[in-house]
Every structure is written in C-alpha cells, then in structure tokens.
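Visitor: I'd like to go over a predicted model; first the sequence, then the structure.
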Amino acid sequence: MRSISKSFKPIYGILLVNLIGFVLLYFYKKPFEKITIYIGLTTMVLTSAIYLFILIKKLGDEYLFLIVSMLASIGIIMIYRLDRELGIKQVIWFTGGTVLFLISYFVFSRWNLWSRLIYLYAGTSLVLFLLTLIFGSDIKGANNWIVVAGFNFQPSEIIKVLYVMFIASYFTTPEKLNIPEITLLERKISVHNRGVFIACVYMFIGFLILQREWGSALLFFIVFYLFLYIYGTGLKTLLFNGAMAFMGGSLGYLFLYHIKVRIDIWLDPWKDVSNKGYQIAQSLFAIGAGGFFGTGLGLGRPDFIPEVHTDFIFSAICEEMGIFGGIAVILLYFLLIYRGFKIALSIREPFGKSVALGLTLMFGFQTFIILGGVTKLTPLTGITLPFISYGGSSLVSSFISLGILQAVSKKAL
Amino acid sequence: MFEILSSLLKYIFITIIYIFLFSIIRLIYLDIRSVNKKASDLAEKAPYLKLINRRDELYFKVEESYILSRDKSLGRAAKANISIEDPFLSGEHARFIHRDGSILLKDLGSKNGTLINGVRLTDEEVPLNNGDKIEMGQLAFLFVDNEAGEGT
C-alpha cells in the first residue's frame, strides 16, 4: 500500500472513481445514453481544472478541494444512479458551486472589512427570514422554500454562512453590539453586549423553529454553544444557555406532535414500521443489505427509502458501496474537519480564526446530525449531507463556505 | 453482464477511494509548509532542516525543524548550535556554512558519518540543494530552501 500511495497523486483517485462510476452508469440502463459520458467528463475536467488552478495560483490549502470533490463525485454518481434527471441537475449545481467557490474565495480575500459588517449579517438574515415567512411555500413538511421563477431556493442555507460570519464578528469585536442605556420608568437598564448577542442568536433559532427546520435549529444552537465554550464566556452563560436548550427540547417533546414522533420512532421504529417508522426502517435495511463491499452500483434497491437522494443518501451509499464505502465517506469528512481545525489553529488573525472555526463546526455537526439520524444513532432531523446530498441551495452554500475557508487558509499558511 | 461488471468493479472502486484517503493523509503528514509556526514564518527567507523521522520513534528531544539563518554546527555536545542528544551523533558532528548565497555542509570528522541523498560525505564541503535528504546518526532531515527553488 505504501509504495502505491507514494507514487499516487490524489487527483488520479478522483478521476478514476469518476471513470469507473460513469462507465458503470453508462451500461446501467438501456438505452445507453451518451449524456452519461458527457456528464462524467464534465465532472472530471471541472475538478482537475479547478485543482490545477488552486495549485498553480497557490490559493492556500490544496487538500480541502480534493477531499470535497471526492465527496461530491461520490454524491453525483449515486444521485445519477438513483435518478438521471436529478443527476444532471446536480452536475449543473456542482458546476455553479465550484464557480461560486472561486468567486467567494476572491471576494473574501480581496477586502478586509468582513469583521466590521456585523449589522449587515444580522440584517440580511432577518430580511431573508421574513421573506421566507411571507413568500415561503410548504415543501415536505418544512416551510422553508422560496420559489423564484421555477427554482426552489432555500434561504436558510445562505443564512448558515451569514450566521457564522455574524458569530465570528461578534467574538472579534464584541463592543460593536453595545446598545445605549434604556430609561424605563425612571430606572436605567443597561444590557451587556453579550445579552444582545444571545438575543440575536435566539432570534435566528426562533425563526428556524417557526419554519419547522428542527435540524438547522439544532445545528445553529450547537455551533453557538461551542463558541461560548471555546471563547470562555464563563460558566453562568453556559449553564443559562444549556438550561434554555433543555427547556426548549422538553417543551417541544411535550407539546409538538412532530418532535414527539421523531423521538418515538428513534426509540422504537418497529412499533409503527409500515407508517411512521417506514423511512428509518428502510434505511436500516438498506445499510444492512450492503454488507462489507455492498451490492455493487445499480444492483441494490435503495429506491425503497423515501427521500433517498437528499437526506438518506448515506444509506444508499452504504447499500451499494458497502460499509467500507460508508466508512470511507466518514473518513473523508474527518479529514475535511481536521484541515479546518488546522487552519483555525494556525492563523493568527482573530476574525479569520473564528470564521474558520465556525465553518468547520458547521460542516462537522451537520454531517454528524444527519449521519446519526439515518443510522438511528440520534433522532432524525432532516438536513442535507454537505457536498453529497442532492440539492442546489445546500451544495451552493457549502461551496461558498468552502471558498471562505480556502481564503482563510491562504493567510494561515 | 452489467451485474458481473458492477460486482467486480465495486472492489476496485472502494480500493481507489481508500488509496486516495491514504495518499492524502500521507501528503498532509509530509506537508512541509505547515510543519510548525516557527518554520513557516521564516520559510520565506531562511532555509531550514525538516525532520523526516517520526518524532515519537525517537527517545530523545528533537525539534520538527531547524532554521539555518546563519552558520550552525550540529552535534551531541551542548555547545553545538543545534544540540541533539542522539547517541549516534558525534559531539561536533557537522557544520552548515553560508557562502555566496548557498549553504554548504561539512562533516567535522564524525564517527558514524553524514549522508546526503545516501552518499557518504568525505571531509570536503558539499553544497546543499532544496529537497536534499541528510542523514546523520538516527536522524534524517530534508533540506528546504525556498529561495533557491520552489518548495514542493
């Protein structure tokens, strides 16, 4: 293994995976369509072009993009196998995502004012949230979509990036959130800027709960809580926010039917396996059916799982590429998170540090929450698997985050 | 037909993903640009030595990198500029000399000798090039000079 890996350039791995995947997909279903080959070639050319561009122009860390394009390649192959039309759309989104990756890299590294725009982040997020509340349409149980000119667009994915920038700029310059003293009934009340910050964060989470996006709400809270812990804001703040989360969770379980169902099918999906527990039970069957090396691409039946191309794509990967394929995906995320932390540790500039930390935590916990959900480790909350799941907004927002991380890594090295 | 193809290729497919993983881990490990902060700060200007050994294999204290901003001697003795308590090093083992913008390595008559890219040094001074592998005692270093050539 060592002698192979010594002469082996990682980019060849991505090209070979795409080659094998798309050759298989070409012969998968009659009639054999040429477009499969074109789709495969597009992915391969695009990945190598951007990788070479990063290497030649020295745009910081070169491993981030390699790891991510491997994940995206596995995702595209899997989605194309499940549904040709969605696969073609996903490749278009991937192309758009890589372009936005480069754009966000250059925009973020070009100007140095990002730590000063805290009100812009909060304001833009608020506007996006209000737009979703007013114009949002119900798709699949969550009221979080805006339909613009036939395109379904999920504002909460963009807000994710804004949220990290908001938190990072607060921890860089907390005094920006100072508000003047309020005179109420002859008494002066002064609020510490941390109070204002916590209120803002709860506003974000509250809006997400209004849209019934439990997964994102949980994700936002975890990132916020870890920032409080890492920046040492004191035991009192931690306990207060922990108590709030506990209270919110218990109230949700007691009074919201939706959350109660999620927890009940997590504890025992077999009680109502034909109805509520159907999705998670099918996911477990799929993972079990795969065995060590899987059934082989196109030979399993992952289409029994509802929503297999978005939230449950990991089960499909486990069924057709086996538990080894699934572990490889998890290891790829490990490496991505490791690189993210490495960048956050090695940069000196405080804002870049917080941004790198926040984006890495976002990637890490998003992966954890959805992988835990589909393997019945934690209650299921529907969020996408970054870079693999089908979904334009999710892929685009992940690539924007990656572009920012790449820009930070340029300063770190 | 497709069944046979797919069930054969799945092994190759997964093996490639794992080779990809291992090669990335290996490259990250060898990534000389992010060795440690001290080296990366000075890497732009001064050439430095990067340790290739895994530090946990060695039972004596050794840095991940040594910066060669001026003439430096290397040896086991405490008075050497770079002092490493490797019992296979001599007290004054070798010396790095700056001359005309390049760095020369001179073996100071050490007992166990010094090797550059596997070739044993005589008492002559030998100019070092970026990427040269230097072995002495139980240690192996990579010579990195970003000014002379592009670090890869």
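Guide: Everything's here; your move.
Visitor: who's in contact with A:Ser48?
Guide: A:Ile11, A:Leu15 (Cβ atoms under 8 Å, 6 or more residues apart in numbering or on different chains). For every residue, glycine as well, the C-beta is placed using N, CA and C.
Visitor: got it, and B:Ser110?
Guide: The neighbours of B:Ser110, taking Cβ under 8 Å, 6+ apart as the test, are B:Leu89, B:Ser90, B:Glu92, B:His93, B:Ala94, B:Met136.
Visitor: which residues touch the nearest residue to the last one once chain neighbours are set aside?
Guide: Going back to what we said before, that points to B:Met136. Nearest residue to B:Met136 in three dimensions, chain neighbours excluded: B:Thr114, at 4.7 Å (Cβ to Cβ, 6 or more residues apart in numbering or on different chains). By Cβ under 8 Å, 6+ apart, B:Thr114 lies in contact with B:His93, B:Ala94, B:Leu105, B:Asp107, B:Arg120, B:Leu121, B:Ile134, B:Glu135, B:Met136.
Visitor: Show me the shaky parts of the chain.
Guide: Picked chain A for this. A:1-8, A:138-144, A:148-151, A:183, A:413 (pLDDT under 70).
Visitor: think we crossed wires, I meant chain B
Guide: B:31-45, B:55-57, B:59, B:147-152.
Visitor: Count the neighbours of the closest residue to A:Leu284 other than its chain neighbours for me.
Guide: In this structure, A:Leu284 finds its nearest non-sequential neighbour in A:Lys376, 6.2 Å apart by Cβ to Cβ, 6+ apart. Number of residues near A:Lys376 (other Cβ atoms under 10 Å in any protein chain shown) recorded here: 18.
Visitor: Check the secondary structure at A:Lys376 for me.
Guide: Classification of A:Lys376 using DSSP: H, G, I helix; E, B strand; the rest coil returns coil.
Visitor: Check the gap between it and A:Leu218 for me.
Guide: 17 Å (Cβ to Cβ, to the nearest Å).
Visitor: swap in B:Gly101?
Guide: For B:Gly101, the distance to A:Leu218 equals 59 Å [Cβ to Cβ].
Visitor: Compare neighbour counts for these two and give me the winner.
Guide: More crowded of B:Gly101 and A:Leu218, by other Cβ under 10 Å: A:Leu218, with 22 against 7.
Visitor: Which element, helix or strand, includes the more buried one?
Guide: Using DSSP states H and E, A:Leu218 falls within helix A:214-230.
Visitor: Just give me the closest of the contacts of B:Ser110 to A:Leu24.
Guide: B:Met136 (51.9 Å; Cβ to Cβ).
Visitor: Name whatever forms a beta bridge with the closest one.
Guide: Beta-bridge partners for B:Met136, by DSSP bridges, are B:Thr114, B:Leu139.
Visitor: So what's the residue count around it?
Guide: For B:Met136, the neighbour count with other Cβ under 10 Å is 25.
Visitor: What segments of chain A are strands?
Guide: Applying DSSP state E to chain A gives strands spanning A:137-139, A:142-148, A:151-153, A:182-184, A:187-189.
Visitor: make that chain B, sorry
Guide: So, for chain B - with DSSP E - the strands run B:48-51, B:65-67, B:72-75, B:82-83, B:94-99, B:102-107, B:114-116, B:119-120, B:126-127, B:133-136, B:139-144.
Visitor: Give the buried residues for the fifth one.
Guide: Right, strand B:94-99. By neighbour count on 16 or more other Cβ atoms under 10 Å in any protein chain shown, the buried set for strand B:94-99 is B:Ala94, B:Arg95, B:Phe96, B:Ile97.
Visitor: Distance to B:Tyr66 for those residues - can I get that in a markdown table?
Guide: Below are those laid out as a markdown table (distance: Cβ to Cβ, whole Å):
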| residue | distance to B:Tyr66 |
| --- | --- |
| B:Ala94 | 12 |
| B:Arg95 | 13 |
| B:Phe96 | 9 |
| B:Ile97 | 15 |
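Visitor: Return the member of those nearest to A:Ile222.
Guide: Nearest to A:Ile222 among the buried residues of strand B:94-99, counting by Cβ to Cβ, is B:Phe96 at 50.2 Å.
Visitor: check contacts around the closest one.
Guide: Taking Cβ under 8 Å, 6+ apart, one finds B:Leu68, B:Asp71, B:Lys72, B:Ser73, B:Leu74, B:Ile103, B:Leu104, B:Leu105, B:Leu128 in contact with B:Phe96.
Visitor: what about it, distance to chain A?
Guide: B:Phe96 sits 26 Å away from chain A when distances are taken as Cβ to the nearest Cβ, to the nearest Å.
Visitor: Show me what that residue is bridged to.
Guide: In this entry, B:Phe96 is beta-bridged to B:Lys72, B:Leu105, by DSSP bridges.
Visitor: mind listing what the residue lying closest to B:Lys10 once chain neighbours are set aside touches?
Guide: Leaving aside its sequence neighbours, B:Lys10 sits nearest to A:Gly296 (Cβ to Cβ, 6+ apart; 4.4 Å). Each residue near A:Gly296 by Cβ under 8 Å, 6+ apart is listed here: A:Glu320, B:Glu3, B:Ser6, B:Ser7, B:Leu9, B:Lys10.
Visitor: From A:Leu299, how far off is the fifth one?
Guide: Going from B:Leu9 to A:Leu299 by Cβ to Cβ gives 11 Å.
Visitor: For the longest helix along chain A, buried residues please.
Guide: In chain A, with assignment by DSSP state H, the single longest helix is helix A:313-346. By neighbour count on 16+ other Cβ under 10 Å, the buried set for helix A:313-346 is A:313-329, A:331-340, A:342-344, A:346.
Visitor: From the structure, what's the count of residues near B:Phe88?
Guide: Neighbour number of B:Phe88 under other Cβ under 10 Å is 13.
Visitor: looking at it, A:Cys200 is touching A:Ser169, isn't it?
Guide: No - the pair A:Cys200 / A:Ser169 is not scored as a contact, 11.5 Å apart, by Cβ atoms under 8 Å.
Visitor: Neighbour count for the two, which is higher?
Guide: Using other Cβ under 10 Å, the more surrounded residue of A:Cys200 and A:Ser169 is A:Ser169, with 24 against 21.
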